[in-house]
Each structure stands twice: as structure tokens, then as C-alpha cells.
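Participant: here are the coordinates; sequence isn't available:
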């Protein structure tokens, strides 16, 4: 076996793979940041797009959830091609290509938000979807290429950890920016994060091409050196054989001369053509020179897996070879992630409704119910009172009471920053109040908008708990999985935890912190085991296509679930609790059942998922 130059450069490659991993993580950080902007700005978008949503909470819910459905719909098909693109172009090139799609999509989304156009925003999310999911396929394949047999689960864990810091940063920063500078400014901030992703993806391409170029040159140089060495060895063998033959010929010639001298005395009695002809011709056939090192040297040069032509095996034919464990993992992804990712999309709305911005007591109303509650337009105190005329003491998490109706025309002294010339509402609801408008924020309902500002920022911080735990624990969890295996067992435990989490959110009014800690633990454990399990269930040359297939299947659920959630929300009188939470409980129960079946099959087929795979 030839010792290629790649063996000698292993320490260099070890350093480079961590650099590649870091840039990959930063790339995904920007992608996750912008992807989750609508979730972090749920309430701000509801206010900001109120005119485009006809002031209807149900209408907003449908259009808001469509932002996620249209993102996922093309990815039911696209990742099949994304996987083959990764396998053919190479993961590094694919990462750059898909990062550019996310940047373009976010720019369109920001333009749509600035123009308050749902249609442009939805188009932007579709374009974002062309890159957002496929870039996950590319980075997963990149991890598998650089870390196969070398802390593979750890690399997946690190990727998830750093990437999800983008979601955490978004949940903290976007509400702050939106409340201080406007919802559209917060959305444009995402464009800057996507620019950073493109720069990091370009760095991955440059490093990978540089390494592959060096390896190719080193392989050619090594092959040429070995060919020259073997040629020199063969030449030395020939020279040695020639020297031996030359010495034998001299000895034979001397023997013949002595025989001729000895037989000259009896020449007349010996035959002229004696029996010595054959012996005298020994030099003609005494030595046969062969090259025992004649095997082709270039046969020893092994091409990298991603250089084999993909056209010999179509995407569908590769998928048809996938076994039952792969399909069970795919089904598990649909239902388990269906109780995690769609929840995050509306987590801000759920937390506001359940904990941080709840409706005030029904018996409370303003003393002057058709006048503004607090702000520049309020000349005298207009506090909230109950039916007996007593002051209403509201809890910190309860909304300040709004006027029941309002009719205000713009005036020159205080209306310069208002968005409209007049504000007339016979039956005012919270859906009519846009705290991005100076009329509501500073002049009429300042107390309501201030409370909403604090509540949205707090809900953004609390909804970050699952992703923050993911960022902190994923590398450790991935390392533990590398050491102990038990992938299918851990997936089952994660699903059970999710059942408990969503039951708690649906049936109790306690602090959401503990349930969200549970969701974070379940998420980090599940993600750390499910993605590294994919390469264990398919052939090595099909890994990219397998990741593409499972992401496509996952997006079936992620396209449908937001629409189901919007329908449940509308049917529940624009309330998330408890019916939407019951839907998440149902998804987690299905995930538990699938994981149990996966464990049974894994036990019958050599424990591929639950056993420890030794590092190579």
C-alpha cells in the first residue's frame, strides 16, 4: 500500500478542519439569526402590519405562519437536488451558493417589510428557503467529510451550538432594535448577518480549494517519486543480472579454451560436430529478465469520494436503497421537530398570552372609556376602575386597560410624528394599537405600549432558553454520544420530555422557565443524536443525498404544521392556550412511538445506532 502524502499532512488537516468548522458555524449563525426574525418580532409585526392585515388577529396569524410555510414548501423537493448538488459540486461550493440565496431572500423580505407588503415578504421567504435548508445539507456533509471517524457527533454538536447562538442573539436583539428604532430596521439588521454568512462561506471555499490543490499536487509528486524509485530499482536489478551473466560468460569461455587445448591432441578421433553445441550456447538462454514490479503505480492513487461522477447513480435510485431505519429517523424528524421548531415560531405570542402580557380583568375599564389612557393627549388622570368605581390594581403581567373607543384628528402641535391624519375606532382592541406609531406610543396609550415593550423583550429572552441550552450543551452532549452511543434511546427520552413540557404549558399557569429548560434539554439531546445517525444508516457515497432527503421529509411537516397551528388559533378565538399546545403534545407522543419502534429494529439489526462507533 502506498503511503500518500495525506498521511504526512494529517496534523495540518486536523488544524484546518477546526478552522473550517468555525467558519461553518458562523455561516449558520447568520442564517439562523435571519430565519428566526419573524418569531422574535411576532408582536411587533402584528402591530406594524396591522393595516396590511386589516386589523384582524386571525388574518395576521395566517399570514404570519405562511412566512414559515412558504419557506418550507419548496424544501420538500429542493433538498433532493441540494443533496446531489453537494455531492457533485462539493460541500464547500454548495455552502457559498446557498448562503447567497439566503442573503437575497432576506433583502427581499426587508424590502417587503419596509413597504408593508405581505406578498414581497412571502417571496423573500421563498427565496430564503432555497438556501436556508440546503445550506444545512451542505454543512452537514462538510462535517461528515472533515470529521468522519474523528468526533463526528461532537462536530455536529458544536455546529448546532454556535449556530443557535444566532437564534439567541436574534431573540434578544431584534425586539430591542424594533422597539427603539422600528420593526423594519430590525429586519434589515438580518441582512447584515447574512452578509457575514456569505463572507464566511467564501472563506470555507478558499481554504478547501487551497487544501485540495495542495493534496492533489502532493499526490502527483508522491506518485512520480515512487515511479522513479521503482524504475531505478528495476534498473539496478538489470545491472546486477548483467554483471552475473557477464561473469558466467567469462568462466564458460575460459573452460572452453582449456577443453580445446586438451582435445587438440586427439582432434583426429573426435567428431567435428560434437555434443558440445548446446553447452556452448548456454549464454543464449541462461537468464530470463523479468520485472516483478510491473503493476501500475497510478492504481494506488485513490480519488476522493466526491470526485466520482454522480451521473452513474441518480438521486432516486440512491434513495431507493435506504433501509427502514433511515425512514424511521425521517418520520421521527417530522413529528419531534414539529413540536420544537413551530413552537419557537409562535413562542413569543404564547408567552405573551400565557405569562407576560395577559388580558386585564374583564371588570376593569378606564374612568373615561372613550379617551386616551396616557400620553400627550391626556390632560387629566384616566386610570382604570372596576364596576364599583374602585381603582383596579393590575398585576405586572397584565395589560393596561385600553379605551373602548377613540376618535382623534391630527393637530399641528403634537401630531408631526403620527402615521395618520386621524384615528377613529368605535370598538378599539389591542389588534388596532400599533406601538410603532408615535400616536399610540407617545400620545394616547403610552402605558400600554411601554408595558408591551417590556413584555416583548422579556418574552424574547425567555424564549431563548431552549436555544441557549442548545448552544451551551450541544458540544458536550455530542461528545458523550461519541463515547456511549445510545442514539435511539436518547431520541426516545427526548420525545418523552417534550410531552411533559407541552402538557405543562397547556394545563398550568406557572412560570414558563422550567418547561422551556426541559424543551432545551430535549432539543439538544435529540439534535445531537439524530443527525449523526443519518450517515450510519446509508452508504458513504450517499450521505449528501441522505441528508437532503431527510431535510426534505422534515419540511413536509414544517410546511403543514404552521398552517394547522393558524387554523387551530383561529378556531380557538385567537388563542394559543391550550389547543395549540395540545397539538404539540400530540406530535411528541407520535415521536415517542416512532423512537420505540426504532429501538426495536436497531436491536435486531446489530445495534447500529445504539452502539459506540470507535474513532478511526
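Facilitator: Cool, the structure landed. The shown structure was predicted, so the numbers you read here are calculated from the model rather than taken from an experiment. Residues are numbered from 1 along each chain as shown.
Participant: on the three-state scheme, residue 321 is what?
Facilitator: Per DSSP: H, G, I helix; E, B strand; the rest coil, the local secondary structure of residue 321 is coil.
Participant: relative to residue 134, how far out is it?
Facilitator: 22 Å (CB to CB, to the nearest Å). The C-beta positions use only the backbone N, C-alpha and C, and glycine is treated the same way.
Participant: which one of these two is surrounded by more residues?
Facilitator: Set side by side, residue 321 and residue 134 show unequal neighbour counts under other CB atoms under 10 Å, the larger going to residue 134 at 30 against 13.
Participant: quick check: which element contains residue 128?
Facilitator: For residue 128, the enclosing helix or strand under DSSP states H and E is helix 118-132.
Participant: do the same with residue 171
Facilitator: Secondary structure here is read from DSSP H and E; on that basis residue 171 sits in helix 152-181.
Participant: quick one: low-confidence ranges for the stretch 501-616 of the chain?
Facilitator: For the stretch 501-616 of the chain, the stretches with pLDDT under 70 are 613-616.
Participant: and the helices in it?
Facilitator: The residue ranges that make up the helices of the stretch 501-616 of the chain, judged by DSSP state H, counting those that start in this stretch, are 513-533, 543-571, 579-604.
Participant: now for those helices, which one comes closest to residue 69?
Facilitator: In terms of CB to CB, the element of these nearest to residue 69 is helix 543-571, at 4.8 Å.
Participant: which residues does the closest residue to residue 26 other than its chain neighbours contact?
Facilitator: Nearest residue to residue 26, sequence neighbours excluded (CB to CB, 6 or more residues apart in numbering): residue 200, at 4.5 Å. Under the criterion of CB atoms under 8 Å, 6 or more residues apart in numbering, the contact partners of residue 200 comprise 23, 24, 26, 27, 30, 99.
Participant: check residue 86 and give its pLDDT.
Facilitator: Taken from the predicted model, the pLDDT recorded for residue 86 is 75.
Participant: surely it touches residue 136?
Facilitator: No - taking CB atoms under 8 Å as the definition, residue 86 is not a contact partner of residue 136, at 10.4 Å.
Participant: pretty sure the residue nearest to residue 26 is in a helix, no?
Facilitator: Yes - the secondary structure assignment for residue 200 places it in a helix, going by three-state DSSP.
Participant: show me the shaky parts of the protein.
Facilitator: 1-15, 52-58, 79-80, 82-84, 149-150, 153, 157, 215-315, 412-413, 613-616.
Participant: how close does the residue nearest to residue 26 sit to residue 356?
Facilitator: Shown here: residue 200 relative to residue 356, a distance of 35 Å by CB to CB.
Participant: ok now do residue 524, which residues does it touch?
Facilitator: With contact set as CB under 8 Å, 6+ apart, residue 524 has these partners: 160, 469, 470, 473, 474, 477.
Participant: report the two of those separated the most.
Facilitator: Among the contacts of residue 524, the pair separated by the greatest distance (CB to CB) is 160 and 469, at 11.0 Å.
Participant: higher neighbour count, the two?
Facilitator: Taking other CB under 10 Å, residue 160 and residue 469 do not tie; residue 160 has more neighbours (26 against 23).
Participant: so that one is in contact with residue 467, correct?
Facilitator: No - checked against CB under 8 Å, the pair residue 160 and residue 467 is beyond contact range at 9.4 Å.
Participant: so the nearest residue to residue 119 once chain neighbours are set aside, which of the three states?
Facilitator: Residue nearest to residue 119 in three dimensions, not counting chain neighbours: residue 112, with 7.2 Å by CB to CB, 6+ apart. Per three-state DSSP, the local secondary structure of residue 112 is helix.
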